[in-house]
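K.L.:
What follows is a predicted structure for the sequence shown.
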Amino acid sequence: MPSALTAKLGKIFVVYGNVHYTFPSLTAILLRVIELKEWSVTVQAGGEYLALKSLESLSSAVIRDRLCRREFISELRGANLVIGHAGWGFIEESLNNDIFPLVVPRRATLKEHVNDHQVDFVEKYKEAGIFEVLNSHVDMTSCYLKNMLGRRPSRKHIIDNARLIEDLLIYMQKGGR
């Protein structure tokens, strides 16, 4: 008889990052993901930890505050899908581990960050094939998530490292995290 964990379709790791801004765009997506009972969900909540901790009693999600690097990499590698903020650190770790992340940019208009550098970043690189951009209105169904399984990031971003590094320096100067 399969255990509850093996009956799940897979594991989803959701990453809020560590900035102390609310993140309603990602929370809307998280709530839809948690409703899909067939997925195991672990959340690195960072600044949203206290607001999200109560979700554990309403679902099977595991809500963590911050993770040390070793724990973060372990969760990242152990997940079938990763969803997170559009900060470069999260995207870089995903790429370094050959993971195709689903990213949600923090928006200044929603007071999710001080400016729209994450929106600018995903607009510039969304066609590079290194991540999929999610918006809070996306239809988060198991069918959609299953279609994302097995996707790997494009390696064409490696070809023009000098340009990517230049773009990243500009991004960081604008407040990228």
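P.N.:
Received, thanks.

K.L.:
partner residues bridging Thr42?
P.N.:
Residues in a beta bridge with Thr42, per DSSP bridges, are Phe13, Val62.

K.L.:
can you map out the strands along this protein?
P.N.:
10-15, 39-44, 62-64, 81-85, 102-104, 132-133 (DSSP state E).

K.L.:
Give me the sheet partners of the fourth one and which way each runs.
P.N.:
This means strand 81-85. When DSSP bridges is applied, strand 81-85 pairs with strand 10-15 (parallel), strand 102-104 (parallel).

K.L.:
hmm, back to that, so can I have CSV of the strands of the chain showing distance to Gln173?
P.N.:
No exception for glycine: its C-beta is placed from N, CA and C like everyone else's. Shown next, in CSV, are the strands of the chain (distance: least, C-beta to C-beta, whole Å):
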stretch, distance to Gln173
strand 10-15, 23
strand 39-44, 26
strand 62-64, 31
strand 81-85, 19
strand 102-104, 20
strand 132-133, 22
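
K.L.:
To Ser25, which of those lies closest?
P.N.:
Set against Ser25 and scored by C-beta to C-beta, the strands of the chain come closest in strand 102-104, at 5.3 Å.

K.L.:
Now do the contacts for the residue most central in space within the chain.
P.N.:
Taking C-alpha atoms, centre = their mean, the centroid of the chain lies closest to Gly84, which sits 1.4 Å from it. By C-beta atoms under 8 Å, 6 or more residues apart in numbering, Gly84 lies in contact with 13-17, 26, 90, 94, 101-104.

K.L.:
what is it paired to in the beta sheet?
P.N.:
Val15, Val103.

K.L.:
end to end, how far does stretch 92-111 reach?
P.N.:
Distance across stretch 92-111, first residue to last, is 24 Å (C-alpha to C-alpha, to the nearest Å).
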